[in-house]
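Asker: Give me coordinates for this.
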Amino acid sequence: MSRTISYRGTIDIGTEQRISLATIKGQVGYKITKFQVLSTTPGATAAVEYVGKITKVKDPNIGPVVKFTDADLLAVVYYQDNDSSAYPDSKTIIFDNEKFNQDIFVNVTDAGSGSIPANYYIELETMDLSEVETTMLTLKSLRTVTSR
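Answerer: Numbering: from 1, shown residues only. Below is the predicted model of the structure:
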C-alpha cells in the first residue's frame with residue numbers, strides 16, 4: 001500500500017539540502033509525484049528565474065544547467081516570475097519511472113542574477129519494496145557512486 005509524504009522548506013540560491021529518506025533495511029521505496037518552487041517574495045518587483053533540481057547524489061555543479069542525460073536527475077522545475085507579468089510561469093518535469101530508496105538532494109539556482117531565497121515543496125509516493133527490489137536499488141545506487 002502506498003501513501004504520500006511531503007517535504008517543504010526554504011533554500012538559499014545556489015545551495016543544496018539533503019532530504020533524509022534512507023532506512024536501515026532500505027525496504028521503503030519512493031517516487032516523486034510533485035515538485036514546486038516559489039519565491040519567498042512572490043509578486044515583488046524583483047524578477048526571478050528559478051531552476052530547481054532533485055538529484056540522487058550531491059550535485060557537484062549546482063547551477064541552472066539541466067541535462068536529461070544525467071542519470072542522477074530525478075526532477076526539474078523552472079519557475080519564472082517578473083514584474084511585467086501578472087501570472088508567473090512554472091514548468092515541472094518529473095522522471096516518474098524512477099524509484100529510489102536513498103536520500104535525495106534538492107537545490108535551486110536563479111538563471112538570472114537574483115539571490116532571493118526560494119521555497120520548495122516535494123510530494124513523494126512511498127511503497128513497500130521486496131528484498132529483490134531493495135537489493136537492486138541499493139546496488140544501482142552504489143554503482144552510480146563508484147563509477148565517478
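Asker: rest of the way, CA atoms for contacts and neighbours
Answerer: OK.
Asker: Any stretches of this protein with poor pLDDT?
Answerer: Along the chain, the parts satisfying pLDDT under 70 run over 1, 45, 83-88, 141-148.
Asker: Could you report the distance from the residue nearest the centre of the chain to Tyr30?
Answerer: Ranked by distance to the mean C-alpha position of the chain (C-alpha atoms, centre = their mean), the top residue is Ile54 at 2.2 Å. Distance, Ile54 to Tyr30, using C-alpha to C-alpha, to the nearest Å: 13 Å.
Asker: cool, and Ile93?
Answerer: In this view, Ile93 and Tyr30 are 17 Å apart by C-alpha to C-alpha.
Asker: neighbour-wise, which of those two wins?
Answerer: Under the neighbour definition other C-alpha atoms under 10 Å, Ile93 and Tyr30 were set side by side, and Tyr30 has more, 22 against 13.
Asker: And the strands in this protein, which stretches?
Answerer: 3-11, 15-19, 28-39, 48-55, 73-81, 89-94, 104-110, 118-128 (DSSP state E).
Asker: would you turn those strands into a markdown table with distance to Lys67?
Answerer: Output for those, formatted as a markdown table (distance: least, C-alpha to C-alpha, whole Å):
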| stretch | distance to Lys67 |
| --- | --- |
| strand 3-11 | 22 |
| strand 15-19 | 18 |
| strand 28-39 | 18 |
| strand 48-55 | 11 |
| strand 73-81 | 8 |
| strand 89-94 | 12 |
| strand 104-110 | 15 |
| strand 118-128 | 21 |
